[in-house]
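>>> Pasting the sequence and the predicted coordinates here, then a few questions.
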Amino acid sequence: MSLDAQYFAALYASNDDPWAFRTRWYERRKRELAVASLPRQGYARVFEPACANGELSVLLAERSAELLCQDIDPTAVALARQRLAGVAHTRVEQGQLPGDWPGGQFDLIVLSEIGYYLDPTDWRQVIEQAVASLSYDGGLLACHWRHPIAGCPQDGREVHALLARHLPLYPLLRHEEADFLLEYWSCQPSVVDLDETCP
């Protein structure tokens, strides 16, 4: 069974940064690696579910013309809205995956630190929704902690194994460390314009 809203409400009840996204070097470095891994300079429309308090969202906003963020928890939504205040091309909504998947197509979908909160059935539905929502040359970035998390139905290895098994996309990048795994898949085999001439 996927974890419900009460799990996250309990985390935010006593701490507005329960994973220490703002203060831990590990989290800052991982965010910067994730954004540096994006092979395109800019994306027209980006979707980031499980945005938490918006720390990664701020960096994604710099690389997108339109950014839609989502989180299951109302406190997280409020915090992300504060973090993105004044960034006109961003929007933060409350929603729970897989049921509240947004409409339209995206050039980039970022699934960061979300998969292990969903059971394999719900995670597969998210994968299917993501594939159906990508533009013809869109990409999907996934990043997850590799170790088991108490109470979660999956760990990061299982999450990425299901992505590898069910994503009908081209794997363009894989960065693996002892603690996390970062991967990027694309609808196209390359994001480089091969018709460009070298200077």
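That came in fine, so what should we check first? Residues are numbered from 1 along each chain as shown.

>>> List the buried residues for the helix ranked longest in the chain?
Looking across the chain with DSSP state H, the single longest helix is helix 120-133. Residues of helix 120-133 classed as buried: 122-124, 126-127, 130-131, 133 (neighbour count, 16 or more other CB atoms under 10 Å). No exception for glycine: its C-beta is placed from N, CA and C like everyone else's.

>>> Present these as JSON lines; the columns should include pLDDT and distance to residue 15.
Output for these, formatted as JSON lines (pLDDT from 0 to 100; distance: CB to CB, whole Å):
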{"residue": "122", "pLDDT": "96", "distance to residue 15": "26"}
{"residue": "123", "pLDDT": "97", "distance to residue 15": "26"}
{"residue": "124", "pLDDT": "97", "distance to residue 15": "31"}
{"residue": "126", "pLDDT": "98", "distance to residue 15": "26"}
{"residue": "127", "pLDDT": "98", "distance to residue 15": "30"}
{"residue": "130", "pLDDT": "98", "distance to residue 15": "30"}
{"residue": "131", "pLDDT": "98", "distance to residue 15": "35"}
{"residue": "133", "pLDDT": "98", "distance to residue 15": "32"}
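
>>> Can I get those residues in TSV including distance to residue 76?
Compiled in TSV, those are given as follows (distance: CB to CB, whole Å):
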residue	distance to residue 76
122	19
123	20
124	24
126	18
127	23
130	21
131	26
133	22
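
>>> and the lowest-mean-pLDDT helix or strand in the chain, how far from the chain's centre?
Ranked by mean pLDDT, DSSP states H and E, the weakest helix or strand in the chain is helix 5-13, scoring a mean of 76. Using CA atoms, centre = their mean, to the nearest Å, the mean C-alpha position of helix 5-13 is found 20 Å from that of the whole chain.
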